[in-house]
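Asker: okay, sequence plus prediction incoming.
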Amino acid sequence: MPISTPKKQTPQTIDVQNCMEEYLNKLDWRVKENANGGYSLGGLILNSSGKITANYWLSHIFPTEVGEAHRNGDYHIHDLGMFAGYCAGWSLRALLEEGFNGVADKTESHAPKNLTTAMAQMVNFLGTLQNEWAGAQAFSSFDTYLAPYVHKYTELLKKECEEFQITFPSPEDKALYIQQKTYKYVYDNMQSFIFNMNVPSRWGTQNPFTNVTLDWVCPEDLKTKQLKLGGEYYHIPFGNMQNEMDIINKAFIEVMMQGDAKGRAFTFPIPTYNITKDFNWDSENATLLFEMTAKYGLPYFQNFLNSDLNPGDVRSMCCRLQLDLTELLKRGGGLFGSAEMTGSLGVITLNLARIGYTHSGDEIAYMEQVEKLMNLAKTSLEIKRKVIEKWMDRGLFPYSRRYLNSLNSHFSTIGLNGLNESIRNFFDDQEDITSEKGKEFGIKILEYMRNRLIEFQEETGNLYNLEATPAEGTTYRFAKEDKKRFPKIIQAGTDENPYYTNSSQLPTEFSNDPFEVLQHQDQFQTKYTGGTVLHLYMGERISNADACKTLVKKALQNFKLPYITISPTFSICPHHGYLTGEHDYCPKCDKELGITDAPLYDYTTRKPFTSKEKIAQQKQ
């Protein structure tokens, strides 16, 4: 659909001195929060250019009414500081079969022939593509696609034993030798990959925000397929390499559990595990997985047991010649991931708390305001899509252009913030999201938004999705702006630090019982078609792997929600590393500590939160 020429806003000027000095002197709390890793020359460059870019979007590209709605806090346009799309999922198989190449005048690599080279190219690929997108970069079927490299190495070991006539006391000893050598090879490569993904040396002093999805068991649609390795199809299909997948998963978990030299958990890549009917809950690897979950809370679990998700869907988007625009499709990959060759070009979050206050008691007016803001969001997202497509065609995003055929499978994303406070304000604090009447109203709002998105798809021919946007920075902005405009508005937090509950999440005081939380949130979580995840917060490390496993298994078997993650509380001492539970001071050296609920990410800076106060607020 053609877009009319937008009415431009009066250009905003940027005070150069203030722009530089508020970063250099750490006058902005965002700079202070990320002082350990973010305060740097690279951070200064990104911070300064981000203000110019945001000004360009709001004053020179978007119509006046779109920019005003953002500036006054009716909604939030994410990633204005980046002249780029939001998140992207890539085909790991394509990278492995084609190599990292194809951009003029840039160094080119052939398709990797061994695991070491493959993982080096993966690091370079994700780091380079992060430069062309604002948010998460994702690979699916991480363990499935890498399995042939492990199998090939094992075959080479066997061949060496024969060629050099290495003798062993027994066949069992030979098998053990090959097994141990293979595991060390995979572990060393995995360690290198994960450490490299967490080094901020090449990307504006920020780590690439990355997600990998692990199948655990080869998906049905890949069982008979083969990887083209070194230009020829490998002689073993993916479905016959479960042992190699197990080795990859074990190495990944053990490296992640080990943490860095100080015992700190690795932030990236965020692992998402596909839990299907074939998942072996009693395997040694499963025990390791849930030990890691109980300790750090790192993984996201994708529910293929009882949800409407299908493991093969991660590869279906890029294969469909025509998408059904009368239904809302799933982006896949969880909160910070995307299925192969899909993603999101832009994200806008509605301030529902304000609508609940300004249209208190009037459902018709409430829904009309939601529709008005969604229409403005659609205008913004359609313009952004055309802008990104235009500049991709002109070569501004060379690597994205190389590995993407088009942006037709990328979504425009609309999310919401503060549904609980919206309900409280709408019903004059007589109801909230935990009451039957409040819950019913909340579900009605999500259904209304879903229906509007289907209309947007049919109208524009582009994909839309509804996301539980993790609007960490945005929720403070909304709350502070509303406090100035509407002093009597109902909010969470304190007068000094007000905030709104994220998306349709429960207030933290609702319950410490994870199954009560699951029971309530199941209906809400299944309404989202973009990123969403239910955090099950634990006051301390779950007692053991079995208890954690039981919790995850029951949650996925008995509820339809698509994604969950377990978030235990732990502390990190700079001298003694990981400490179970909440500690203000290290019990070993009495040093003041920060408490970490894992994993919590600042949506705008793509970094984990570190402040105890902010982490406590982020639980909502």
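Answerer: Cool, the structure landed. In this text the structure is predicted, and so the values were computed from the model without any measurement. Numbers count the residues shown, from 1 in each chain.
Asker: so how far does stretch 494-510 reach from one end to the other?
Answerer: Between the opening and closing residues of stretch 494-510 we find a distance of 18 Å, counting by Cα to Cα, to the nearest Å.
Asker: the longest helix in the chain is where?
Answerer: Longest helix in the chain, counting residues (DSSP state H): helix 363-393.
Asker: show me what it is packed against.
Answerer: In this structure, helix 363-393 makes packing contacts with helix 64-71, strand 75-77, strand 343-351, helix 352-358, helix 398-403, strand 410-417, helix 436-460, judged by 3 or more Cβ pairs under 8 Å, 6 or more residues apart in numbering; DSSP states H and E. Every C-beta, even on glycine, is put in place using the N, C-alpha and C of the backbone.
Asker: any chance of these in TSV, plus mean neighbour count?
Answerer: Below are those laid out as TSV (neighbours: other Cβ atoms under 10 Å):
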stretch	mean neighbour count
helix 64-71	19
strand 75-77	25
strand 343-351	28
helix 352-358	26
helix 398-403	18
strand 410-417	28
helix 436-460	17
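Asker: need the ones you listed in JSON lines with distance to Lys378 and mean pLDDT, can you?
Answerer: As requested, those are arranged in JSON lines below (distance: least, Cβ to Cβ, whole Å; pLDDT from 0 to 100):
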{"stretch": "helix 64-71", "distance to Lys378": "10", "mean pLDDT": "97"}
{"stretch": "strand 75-77", "distance to Lys378": "11", "mean pLDDT": "97"}
{"stretch": "strand 343-351", "distance to Lys378": "9", "mean pLDDT": "96"}
{"stretch": "helix 352-358", "distance to Lys378": "17", "mean pLDDT": "99"}
{"stretch": "helix 398-403", "distance to Lys378": "23", "mean pLDDT": "98"}
{"stretch": "strand 410-417", "distance to Lys378": "7", "mean pLDDT": "96"}
{"stretch": "helix 436-460", "distance to Lys378": "5", "mean pLDDT": "97"}
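Asker: nearest to Met241, out of those?
Answerer: Taking Cβ to Cβ as the criterion, Met241 comes closest to helix 398-403 out of the helices and strands packed on helix 363-393, the separation being 25.2 Å.
Asker: quick one: that closest one to chain centroid distance?
Answerer: Taking the mean of its C-alpha atoms, helix 398-403 sits 21 Å from the chain's own mean (Cα atoms, centre = their mean, to the nearest Å).
Asker: got a list of contacts for it?
Answerer: Surrounding helix 398-403, the residues in contact under the criterion Cβ atoms under 8 Å, 6 or more residues apart in numbering are 85, 88, 90-91, 94-95, 102-104, 106, 125, 128-129, 132-133, 392-393, 395.
Asker: buried subset of these?
Answerer: Burial by neighbour count, judged by 16 or more other Cβ atoms under 10 Å, picks out 85, 88, 90-91, 95, 125, 128-129, 132-133, 392 from the contacts of helix 398-403.
Asker: so which of those residues comes closest to Asn280?
Answerer: Comparing the buried ones among the contacts of helix 398-403 against Asn280 with Cβ to Cβ places Ser91 closest, at 27.3 Å.
Asker: gap between the closest one and Gln121?
Answerer: To Gln121, Ser91 is 13 Å away according to Cβ to Cβ, to the nearest Å.
Asker: can you point out the buried residues in stretch 106-122?
Answerer: 111-112, 114-122.
Asker: distance of Glu455 relative to Val123?
Answerer: Between Glu455 and Val123 the distance, using Cβ to Cβ, works out to 42 Å.
Asker: for the closest residue to Thr224 other than its chain neighbours, give me its contacts.
Answerer: Setting aside the residues directly before and after it, Thr224 is nearest to Pro237 in space (Cβ to Cβ, 6 or more residues apart in numbering), at 5.3 Å. Shown here is Pro237, whose contacts under the criterion Cβ under 8 Å, 6+ apart are 223-226.
Asker: now do stretch 462-478: distance to the chain's middle.
Answerer: Between the mean C-alpha point of stretch 462-478 and the mean C-alpha point of its chain there is a distance of 12 Å (Cα atoms, centre = their mean).
Asker: helix or strand: which one has Met257?
Answerer: helix 242-258 (DSSP states H and E).
Asker: no wait, Thr434
Answerer: Element membership of Thr434, judged by DSSP H and E, is empty: it is in no helix or strand.
Asker: same question, Phe570
Answerer: Applying DSSP H and E as the criterion places Phe570 in strand 569-573.
Asker: now that strand: buried residues?
Answerer: By neighbour count with 16+ other Cβ under 10 Å, strand 569-573 contains the buried residues 569-573.
Asker: tell me the bridge partners for the nearest residue to Tyr75 once chain neighbours are set aside.
Answerer: In space, Tyr75 comes closest to Leu350 once its chain neighbours are excluded; the distance is 4.9 Å by Cβ to Cβ, 6+ apart. Per DSSP bridges, residues listed as beta-bridge partners of Leu350: Tyr75, Leu416.
Asker: in this structure Leu350 contacts Gly415, no?
Answerer: Yes - shown here, Leu350 and Gly415 form a contact pair, counting by Cβ atoms under 8 Å, at 7.2 Å.
Asker: would you check how far apart the residue nearest to Leu561 when sequence neighbours are not counted and Asn243 are?
Answerer: Leaving aside its chain neighbours, Leu561 sits nearest to Gln525 (3.7 Å; criterion: Cβ to Cβ, 6+ apart). Using Cβ to Cβ, one obtains 35 Å as the distance from Gln525 to Asn243.
Asker: right, I'll call it a day here.
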